[in-house]
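Student: got a structure for you, letters missing:
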């Protein structure tokens, strides 16, 4: 039995597979459905909370709040409160947030190009899962 391990340098070394790896921690930012969509909605400039809610169909107020709070915490979105009555709050991508847009656009392009294939694979998998188990 071959007990050699693959060269892990191309993955950032063995620590790339560890839960505490810094890049893995940061990659977690982009694993939610709404992160990329909220950041995309902010691409053209600052927006108010309710404007974001109107743009992002299906996003609940609670999830938008959580997503914006998380993005602000991670330094990707800034929140500006204006001293008006009622208070006006704008959300905007930071420079760090803008630097991630290319990656998000690439993922979006890939998703657009391969959506039909992924949906077909899911349907085929679901169809197989409905079949009775057959002994080999």
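Tutor: It's in. Keep in mind that this is a model prediction, so the values were computed, not measured. Numbering: from 1, shown residues only.

Student: Quick check: buried residues in the helix or strand of the chain with the lowest mean pLDDT?
Tutor: Taking mean pLDDT, DSSP states H and E as the measure, the helix or strand of the chain with the lowest value is helix 22-27, at a mean of 78. Along helix 22-27, no position meets the burial threshold by neighbour count (16 or more other CB atoms under 10 Å). Quick note: C-beta positions are derived from backbone N, CA and C, even for glycine.

Student: oh, and call the first residue 526 from now on, that's how I've got it
Tutor: Fine by me, first position is 526 from now on; the one you just mentioned is helix 547-552.

Student: quick one: pLDDT of the spatially most central residue of the chain?
Tutor: The C-alpha lying nearest the average C-alpha coordinate of the chain belongs to residue 555 (CA atoms, centre = their mean; 3.0 Å). Confidence per residue is given as pLDDT, and for residue 555 that number is 83.

Student: that older thread, list the buried residues for the helix or strand following the least confident helix or strand of the chain?
Tutor: If you walk from helix 547-552 toward the C-terminus, the next helix or strand you reach (DSSP states H and E) is helix 558-566. In terms of neighbour count (16+ other CB under 10 Å), helix 558-566 has its buried residues at 559, 560, 561, 562, 563, 564, 565, 566.
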